[in-house]
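Asks: fold the following, please.
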Amino acid sequence: MDTKVGSARIKFSIIIVAKDVVQYIGQCIFSVITQQYLSYEIIIIDDGSSDGTSEVIELFANDERVTIITTIGVGLGKARNLGMDLSHGLFLLFVDGDDFLSPECLTELSDCIDWNRKVSLVMFDWNKVNENGSISHRETNSKLELHKGIACWNKCYSRSLVREARFTENSKFEDVGFHLVTRLNSRTTVYLKSALYNYRFNPNGITKTNNGLKDEMDVLNGLNEFIKKYPNFDLGVRECIVRILNKHLLSGIVKSKKQDLNPAWQFIKRNKLVAEYIRQGNKATLLLIIICLNFSTLLYWTTEFKRFLKSTGFIRIKNIITK
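Replies: Take a look at the predicted model:
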């Protein structure tokens, strides 16, 4: 994609994906258009909002820096890919519609890029905005291990770096494969110890719905895509992939209901990526899967037993006696 609009070269493309975030989308867009650094464009993908988000976005339609695209439920991965295809900037940032940039974000990023001419990836700290409005600082460690810090919103990518990187479509955890490709292909990665992004904890956000193990195992889609593109990865990358898999496996089991575990287990066994790990001798992963599934079953019945005791009044009576 050409990096010029008219005769002016654009430095940053800010890609915003929004769906049903009417409470927050105004602040999100406003945080970009009020940046002191001015060489940027905003591409907003409204992915089928029905709560008034579209009307708020339209308020910015006359700003020549803003491009608005409407899609109908294509999902976060496909919407971001569309934004990349339509972008013109030398560097790209991704912003969720319920989050917002810090006022100095583009200025600090521009200074960093000008100072480090060969940089292809800039990683930076961020703030977590809690439900009650309180803000807590989060560090992005400069020696971050490959399996951590997967989210794309606290990073700035050069166009050359993302040329062959795509987000996984029709899947949760769409940024896992994108993360691995960009981290491994980055020639020069710079870390800024400044909180340039504000991540809002929104339980109803586009990335927050999760129905347990089956949803968590969607992470395999991105990992499979990565392995197809880069089949000859080294031991360090293999370890990273196993850690990502194990993290989502454990998280999914904790969130799952007992009746969801057996079909989810069958799904894992059928998956080619897991089968490949087992075939190549990664018995630790298989053992962990078996242990976790059996532990989760025990945990489920223990919880059910406690619920039964409470319903009969046994636990309440026992507490009274012990007092």
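Asks: ok, now which ones touch Ser160?
Replies: Ser120 (CB atoms under 8 Å, 6 or more residues apart in numbering). C-beta here means a position set from N, CA and C on the backbone, and glycine is covered the same way.
Asks: please tell me how far it sits from Ile69.
Replies: 24 Å (CB to CB, to the nearest Å).
Asks: ok, now Val242?
Replies: To Ile69, Val242 is 37 Å away according to CB to CB.
Asks: have a look at the two and say which one is more surrounded.
Replies: Neighbours per residue (other CB atoms under 10 Å) separate Val242 from Ile69, with Val242 holding more: 17 against 14.
Asks: where in the stretch 151-300 of the chain is pLDDT low?
Replies: Along the stretch 151-300 of the chain, segments meeting pLDDT under 70 span 203-214, 233, 235, 250, 253-300.
Asks: now the strands: where do they sit in it?
Replies: Along the stretch 151-300 of the chain, counting by DSSP state E, counting those that start in this stretch, strands occupy 155-158, 189-200.
Asks: now those as TSV including mean neighbour count and distance to Gly48?
Replies: Below are the strands of the stretch 151-300 of the chain laid out as TSV (neighbours: other CB atoms under 10 Å; distance: least, CB to CB, whole Å):
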stretch	mean neighbour count	distance to Gly48
strand 155-158	24	26
strand 189-200	19	20
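Asks: quick one: closest of the ones you listed to Glu139.
Replies: The closest approach between Glu139 and any of the strands of the stretch 151-300 of the chain, judged by CB to CB, belongs to strand 189-200 at 7.5 Å.
Asks: pull the CA atoms of that closest one into CSV?
Replies: Provided in CSV are the C-alpha atoms of strand 189-200 (Å, rounded to 0.1, in the frame of the first residue of the first chain):
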residue,chain,number,x,y,z
THR,A,189,12.7,-3.9,18.7
VAL,A,190,12.7,-0.9,21.0
TYR,A,191,11.1,-0.7,24.4
LEU,A,192,9.6,2.5,25.7
LYS,A,193,9.0,2.8,29.5
SER,A,194,6.0,5.0,29.0
ALA,A,195,2.4,4.1,29.4
LEU,A,196,1.1,5.2,26.0
TYR,A,197,-2.1,3.0,25.9
ASN,A,198,-5.0,2.8,28.2
TYR,A,199,-6.7,-0.6,28.3
ARG,A,200,-10.2,-0.6,29.8
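Asks: which strands and helices lie in contact with that strand?
Replies: Contacts defined by 3 or more CB pairs under 8 Å, 6 or more residues apart in numbering; DSSP states H and E place strand 189-200 against strand 100-101, helix 105-115, strand 121-129, strand 135-138.
Asks: Leu93 and Ile45, how far apart?
Replies: 14 Å.
Asks: sorry, back to before: okay, the strands of the stretch 151-300 of the chain in JSON lines with distance to Gly26 next?
Replies: Output for the strands of the stretch 151-300 of the chain, formatted as JSON lines (distance: least, CB to CB, whole Å):
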{"stretch": "strand 155-158", "distance to Gly26": "24"}
{"stretch": "strand 189-200", "distance to Gly26": "13"}
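Asks: closest to Ile57 out of those strands?
Replies: strand 189-200 (17.4 Å).
Asks: what angle do strand 121-129 and the closest one make with each other?
Replies: Using axes from the mean of the first three to the mean of the last three CA atoms, to 10 degrees, the inter-axis angle of strand 189-200 relative to strand 121-129 is 20 degrees.
Asks: quick one: strands adjacent to strand 189-200?
Replies: Strand 189-200 has these partner strands in its sheet, going by DSSP bridges: strand 100-101 (antiparallel), strand 121-129 (parallel).
Asks: worst average pLDDT in the ones you listed?
Replies: For these, mean pLDDT drops lowest on strand 121-129, to a mean of 94.
Asks: list the buried ones in it?
Replies: For strand 121-129, burial by neighbour count (16 or more other CB atoms under 10 Å) applies to Leu121, Val122, Met123, Phe124, Asp125, Trp126, Asn127, Val129.
Asks: beta partners for the third one?
Replies: On DSSP bridges, the residues paired with Met123 through beta bridges are Lys155, Tyr191.
Asks: verify the stated contact: Glu174 with Val74.
Replies: No: in this structure Glu174 lies outside contact range of Val74 using CB atoms under 8 Å: 11.2 Å.
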